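*Asks:* Need a 3D model of the following:
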Amino acid sequence: MGWNGVAAALGVLRLLICAQAPAEFERGIAETQERVFPGVVFVKPVQESFEEGEKLKVLVYGSGVIISEDGLVVTNHHVSEKAVEIRCVLSDRREVPAVILGHDKETDLALLRLALRPGEKSPWVPLGDSESLREGQFVMAMGAPFGFVRSVSLGIVSNTRRYLSMSPYNLWVQTDAAINPGNSGGPLVNMRGEVVGINARGVFLADNIGFAIPVNRVKEVVDAILRHGHVPRSWTGVQLQPLRDFEKSIFIPADQGVMIAGVERRSPAEQAGLKTGDRIVRIGGAEVSGMYMEDLPALRRLLAGLPPGRAVEVAYVRGGKEAAARLVPVAKGKIEGDDLELREWDLTLKEINRHTDRLLAYFQPEGVFIQGVKNGGNAAAGGLSRYDILLRIDGEDIPDLAAALRVYQRASTLPAGKRKVLCEVLRGGYTRWFVLDFNRRSQEGAVRSDNKGSF
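*Replies:* Numbers count the residues shown, from 1 in each chain. Now for the predicted structure:
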């Protein structure tokens, strides 16, 4: 056989390989889907919502993935938050109840446990390693988009270390596999059938941009919830900024450390004497580096992992000179206040929390604010508005929800025609007074359904 014959034979072989490749690829997708689908669940929580001025039952749809044979399920916090009931549809089409073992709002993760039958072992999906992900690698997003039970979308990893400002403690896996409302909480899997992320976000009016929580962060959160029932973190009050911020065109002439972008009032950092503009170079003797935005989540995890109540030395540079501060972190505690419905007043209240209500906490570190005002209700007619901070009702201080409930219950005994209270509120930093007339009876709220999506 001459050279031409060899070339022709190689060409035929190449064509045969190319013809077989799509079939092999499709077979791999089908096999991965068959392995993973039994561990994907359709999550149906009934949540309580207080944002419209009354307590409503909200029917929600989302997704989850079973990660152990005893029925542990990982889903998103925003799918299961404030749920008074959760039911999951399994691969055999059974609908079973689930209990919430713990939430972590700051990573948008939650852990459930299925109420399996005695002795029953559930199918489950193994957790992979998100550190081994590479751009261009094929992945599949599985879940229940728009409430359609069990579907799969195929794509690639677009970025393995995407920084999103709303997520303090983790980077994100960006993928062009379709992630739609209802996919939230479902698994992002590799071609070996391993979970490499938990689907959580899409971008509205954008094509092929979805985000998943890396599975290595998921493992840490699951372990913490199983140990403590929550994810314990410390609070220092330090806000960080990288040395190189390309979005804001800020470039600090230094090669080591991380900048302090802000120090929260009455925080451990303020008490330690740290200030905005300081450059932290060491924490507990270990050098730190926050050159780029992508470095910040790891540094925040470092600060959050410091033992509460135990002093740590923070070395920093100010005005070209190095100094040290004695920082004593405190336990972070709740990051969201409790809710209260005052039905006859047609409003809902919420505790001020310094971690989630920073603007309100600036004016009033602790207290109660109006979370929602029912449209056309008594509070709205009296001029009260969402985000008003309640200072006093009929001359009685309102430092917490218990005080608000006590005044409400007492006012409810007033005779018909005299059911009015004077409310003193803080609005935009200014004190204002309103008369809340609740002689009119409130109407009962309805139950609505919602597809809790990724957007």
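
*Asks:* Is V74 bridged to anything, and to what?
*Replies:* Beta bridges link V74 to V65, L111, judged by DSSP bridges.

*Asks:* which residues touch it?
*Replies:* By CB atoms under 8 Å, 6 or more residues apart in numbering, the contact set of V74 is G64, V65, I67, L109, A110, L111, L112, G185, I198, V218, V222. The C-beta positions use only the backbone N, C-alpha and C, and glycine is treated the same way.

*Asks:* Low-confidence stretches in the stretch 51-200 of the chain?
*Replies:* Low-confidence segments of the stretch 51-200 of the chain (pLDDT under 70): 146-149.

*Asks:* So which of the contacts of V74 is the closest to E351?
*Replies:* Nearest to E351 among the contacts of V74: A110, at 21.1 Å, using CB to CB.

*Asks:* Quick check: that closest one vs I100, distance?
*Replies:* 6 Å (CB to CB, to the nearest Å).

*Asks:* and what of G237?
*Replies:* With the distance defined as CB to CB, G237 ends up 30 Å from I100.

*Asks:* show me what contacts the residue nearest the centre of the chain?
*Replies:* The chain has D108 as the residue nearest its centroid, 2.6 Å off, counting by CA atoms, centre = their mean. Taking CB under 8 Å, 6+ apart, we find D108 in contact with N76, H77, H78, S167, A200, I213.

*Asks:* likewise T348?
*Replies:* If you count contacts by CB under 8 Å, 6+ apart, T348 has them with 50-55, 339-342, 370-372.

*Asks:* got the buried residues for stretch 391-408?
*Replies:* Neighbour-count burial for stretch 391-408 flags L391, R392, I393, I398, D400, L401, A403, A404, V407, Y408 (criterion: 16 or more other CB atoms under 10 Å).

*Asks:* out of those, who's nearest P145?
*Replies:* Nearest to P145 among the buried residues of stretch 391-408, counting by CB to CB, is L401 at 37.5 Å.

*Asks:* wait, R392 sits on I398?
*Replies:* Yes: using CB atoms under 8 Å, R392 makes contact with I398 at a distance of 6.2 Å.

*Asks:* thinking again about what came up before, what is in contact with A110 and I100 at once?
*Replies:* Going by CB under 8 Å, 6+ apart, residues that sit against A110 and also against I100 are S80.

*Asks:* which one of those two has more residues nearby?
*Replies:* Neighbour count, other CB atoms under 10 Å: between A110 and I100, A110 has more, with 31 against 19.

*Asks:* Just give me the neighbour total for K332.
*Replies:* 17.

*Asks:* and it, how far is that from V314?
*Replies:* From K332 to V314 the distance is 18 Å (CB to CB).

*Asks:* and what of R35?
*Replies:* 48 Å.

*Asks:* One more: A83?
*Replies:* Distance from A83 to V314, counting by CB to CB: 40 Å.

*Asks:* Looking at those two, which is more packed in?
*Replies:* Using other CB under 10 Å as the criterion, A83 and V314 rank with V314 on top: 26 against 22.

*Asks:* correct me, but G284 touches V312?
*Replies:* Yes: taking CB under 8 Å as the definition, G284 is a contact partner of V312 at 4.8 Å.

*Asks:* The two - which one has more neighbours?
*Replies:* The residue with more neighbours, out of G284 and V312, is V312; 18 against 14, by other CB under 10 Å.

*Asks:* ranges for the helices of the stretch 151-300 of the chain?
*Replies:* Using DSSP state H, counting those that start in this stretch, the helices of the stretch 151-300 of the chain run over residues 215-228, 268-272, 296-304.

*Asks:* looking at those, which is buried most?
*Replies:* Per-stretch averages of neighbours, counted by mean count of other CB atoms under 10 Å, single out helix 268-272 among these, with a mean of 20.

*Asks:* what packs against that one?
*Replies:* Applying 3 or more CB pairs under 8 Å, 6 or more residues apart in numbering; DSSP states H and E, we find helix 268-272 packed against strand 258-263, strand 321-327.

*Asks:* about what we covered before: could you single out the nearest of the contacts of V74 to R358?
*Replies:* For the contacts of V74, the nearest to R358 is L109 (22.5 Å; CB to CB).

*Asks:* that older thread, just the helices and strands packed on helix 268-272: most buried one?
*Replies:* strand 258-263 (a mean of 20).

*Asks:* Quick check: neighbours of that strand in the sheet, parallel or antiparallel?
*Replies:* strand 238-241 (antiparallel), strand 279-283 (antiparallel).
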